[in-house]
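Colleague: Sequence below, structure please.
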Amino acid sequence: MKKITKDTYLNWYQSMFFWRKFEDKLASVYIQQKVRGFLHLYNGQEAVLAGALHAMELGKDRMITAYRNHVQPIGMGEDPKKVMAELFGKVTGTSSGLGGSMHIFSKKFKFHGGHGIVGGQIPLGAGMAFGDKFFKRDNVTLCFLGDGAVRQGTLHETLNLATLWSLPVVFIVENNGYAMGTSVARTASHQEIWKLGLGYEMPCEPVDGMNPVLVAKSIDKAINHARSGKGPSFLEMKTYRYRGHSMSDAQHYRTKEEVEEYRKIDPIIQVKDIILKKKFATQDQLDKIDDDVKQQVLECEKFANESPYPEKSLMYDVVYEQEDYPFLKHKLD
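Modeller: The predicted structure follows:
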C-alpha cells in the first residue's frame, strides 16, 4: 500500500472537509428549491471514500455506488463545479443536467454512477469487472452499497457469480446503521453483515469506517487480491451518517443523543487531531484550508447558479437516436 504520510493526512483533511461543506451547501440550496427531487448526503461517511481513494489506482480502477453519490466523482477527479451544476439541473453538469442528484456519472474519471434503484449497481459493478477480465485489462472495480441493499436478492446472485468467475471486484458495504429508517437489527437475525461473504468463500471482514487508515489498509488488501486474479472480497465499513437518509427524513428512528455520540468520532476531527498532534500543520494553516474550501464551494454554487438549463430538445436527443422517430409526436419549440 502507498505510504500514509504527512501529505496524505493533509490531503485527507482538505478533501473530507470539502466534501462535508459541499454537501452542506447542497442542503442549503435544496431548501431554496434549487435542487429538486431526492437528496442523500454523505456527511459522516467521508473516511470510507478517503481510504478507498488512497488504495485505488486512480485513472485505472473503477467505482460504482448507489444514490449517495455526489462527492465520490469529485474524489475521483471530476470538477466539483460540474457536479453541483448537475444537481442544479444545468446543462454544464456531468450529464447535462439530466441525471440529477441520484445519477451522477463521470466516464472520464471511471465513476460509473449514481444509481437510484436499491442494489441496482451491484450486478453492474460485477459486469464491469467481467468486462475488464474478459479483455485482460488490469483494472479493479469497487462496488459500494448500503446496508439496506444487502437484503436484495441481486446481491447474492452477484456474489455467487463473482466468486465463481473470480472477477476483479471489491464489494464494500457502507453500513451507516439504517436502511432509510430501519436499523440493521430489524432486517435480519444477525448484525454482522460482513459474514455474508463467508457463504461464498470469499475474503470478508468488518472495518472501522470512521478511520481512513483502517479503510485504506482493508481496501488495499482486497484490491491486490482482485488484481492478482484471486477474485472478489466483501467488506463491511461500519460508519454513520449525521444527516437523515434524505432531506425529507424526519429521523424519528434515532435520538439526538445517538447522533452526538457518533460526532465524537467524526472522521474529519480524527484526522485533524492527528495533524495537530504530529505537527503536520498548525491550527492557523488548517484555518487557511478551511477558508479556501469554503470559497471553493461558493465558486461551485456561483457556477451552477449562472449556468443555463438544457434545451428541451436535448431530452429527446439522448433518448431517440433516430431524428425522425415516427412515434415522437411532441412538437418542440
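Colleague: for the stretch 1-150 of the chain, what spans make up the strands?
Modeller: 62-64, 141-146 (DSSP state E, counting those that start in this stretch).
Colleague: Ala226: which of those is closest?
Modeller: strand 141-146 (8.2 Å; Cβ to Cβ). C-beta: built from backbone N, CA, C; applies to glycine.
Colleague: Which neighbouring elements make contact with the biggest helix by length in the chain?
Modeller: If you go by DSSP state H, the chain has its longest helix at helix 6-31. When contacts are defined as 3 or more Cβ pairs under 8 Å, 6 or more residues apart in numbering; DSSP states H and E, helix 6-31 packs onto helix 46-55, helix 72-76, helix 80-87, helix 267-277, helix 283-306.
Colleague: low-confidence ranges in the stretch 201-333 of the chain?
Modeller: 327-333 (pLDDT under 70).
Colleague: where do the helices sit along it?
Modeller: Using DSSP state H, counting those that start in this stretch, the helices assigned to the stretch 201-333 of the chain run over residues 212-227, 256-263, 267-277, 283-306, 312-317.
Colleague: Report the inter-axis angle for the third one versus helix 46-55.
Modeller: It stands for helix 267-277. Note on geometry: by axes from the mean of the first three to the mean of the last three Cα atoms, to 10 degrees, helix 267-277 and helix 46-55 are set 70 degrees apart in direction.
Colleague: tell me the contacts of Leu26?
Modeller: 35, 39, 41, 70, 84, 87 (Cβ atoms under 8 Å, 6 or more residues apart in numbering).
Colleague: one step back: give me the buried positions along the longest helix of the chain.
Modeller: By neighbour count with 16 or more other Cβ atoms under 10 Å, helix 6-31 contains the buried residues 8-10, 12-23, 25-26, 29-30.
Colleague: Turn the strands of the stretch 1-150 of the chain into CSV, including distance to Ile265, mean pLDDT and mean neighbour count.
Modeller: Below are the strands of the stretch 1-150 of the chain laid out as CSV (distance: least, Cβ to Cβ, whole Å; pLDDT from 0 to 100; neighbours: other Cβ atoms under 10 Å):
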stretch, distance to Ile265, mean pLDDT, mean neighbour count
strand 62-64, 25, 98, 26
strand 141-146, 20, 98, 26
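Colleague: Reformat those as TSV; add distance to Gly197.
Modeller: Output for these, formatted as TSV (distance: least, Cβ to Cβ, whole Å):
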stretch	distance to Gly197
strand 62-64	18
strand 141-146	13
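Colleague: Disregarding residues adjacent in the polypeptide, which is nearest to Met16?
Modeller: Glu46 (4.1 Å; Cβ to Cβ, 6 or more residues apart in numbering).
Colleague: Next, the contact list for His156, please.
Modeller: Contacts of His156 (Cβ under 8 Å, 6+ apart): Leu196.
Colleague: Just the buried positions in stretch 205-217, please.
Modeller: Buried residues in stretch 205-217, counting neighbours by 16+ other Cβ under 10 Å, are found at 206-213, 215-217.
Colleague: Of the strands of the stretch 1-150 of the chain, give the one that comes closest to Lys302.
Modeller: Closest approach to Lys302 among those (Cβ to Cβ): strand 62-64, 27.8 Å.
Colleague: The closest one - contacts with which helices or strands?
Modeller: Under the contact criterion of 3+ Cβ pairs under 8 Å, 6+ apart, strand 62-64 touches helix 121-134, strand 141-146.
Colleague: Point out the most buried one among these.
Modeller: When those are scored by mean count of other Cβ atoms under 10 Å, the highest mean neighbour count falls to strand 141-146 (a mean of 26).
Colleague: and the angle for that one with helix 46-55?
Modeller: Using the same axes, to 10 degrees: strand 141-146 against helix 46-55 is 170 degrees.
Colleague: sorry, back to before: so which of the strands of the stretch 1-150 of the chain comes closest to Arg254?
Modeller: For the strands of the stretch 1-150 of the chain, the distance to Arg254 is smallest for strand 141-146, at 15.9 Å, taking Cβ to Cβ.
Colleague: what about Val318, how many neighbours?
Modeller: Look at Val318: counted by other Cβ atoms under 10 Å, it has 12 neighbours.
Colleague: ok, now Leu164?
Modeller: Taking other Cβ under 10 Å as the criterion, the count of residues near Leu164 is 10.
Colleague: Equivalent analysis for Phe109, please.
Modeller: Under the criterion other Cβ under 10 Å, the count of neighbours that Phe109 has is 20.
Colleague: Pretty sure it sits against Glu78.
Modeller: Yes: the pair Phe109 / Glu78 is scored as a contact, 5.1 Å apart, by Cβ atoms under 8 Å.
Colleague: Which residues are in contact with Leu155?
Modeller: Residues near Leu155 by Cβ under 8 Å, 6+ apart: 119, 122, 145, 149, 171, 196.
Colleague: Can you pick out the most distant pair from those?
Modeller: Distance extremes for the contacts of Leu155: the farthest pair is Gly119 and Leu196 at 13.3 Å, using Cβ to Cβ.
Colleague: need the helices and strands packed on helix 6-31 in JSON lines with mean neighbour count and distance to Ser166, can you?
Modeller: Below are these laid out as JSON lines (neighbours: other Cβ atoms under 10 Å; distance: least, Cβ to Cβ, whole Å):
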{"stretch": "helix 46-55", "mean neighbour count": "26", "distance to Ser166": "20"}
{"stretch": "helix 72-76", "mean neighbour count": "24", "distance to Ser166": "25"}
{"stretch": "helix 80-87", "mean neighbour count": "25", "distance to Ser166": "34"}
{"stretch": "helix 267-277", "mean neighbour count": "18", "distance to Ser166": "33"}
{"stretch": "helix 283-306", "mean neighbour count": "15", "distance to Ser166": "41"}
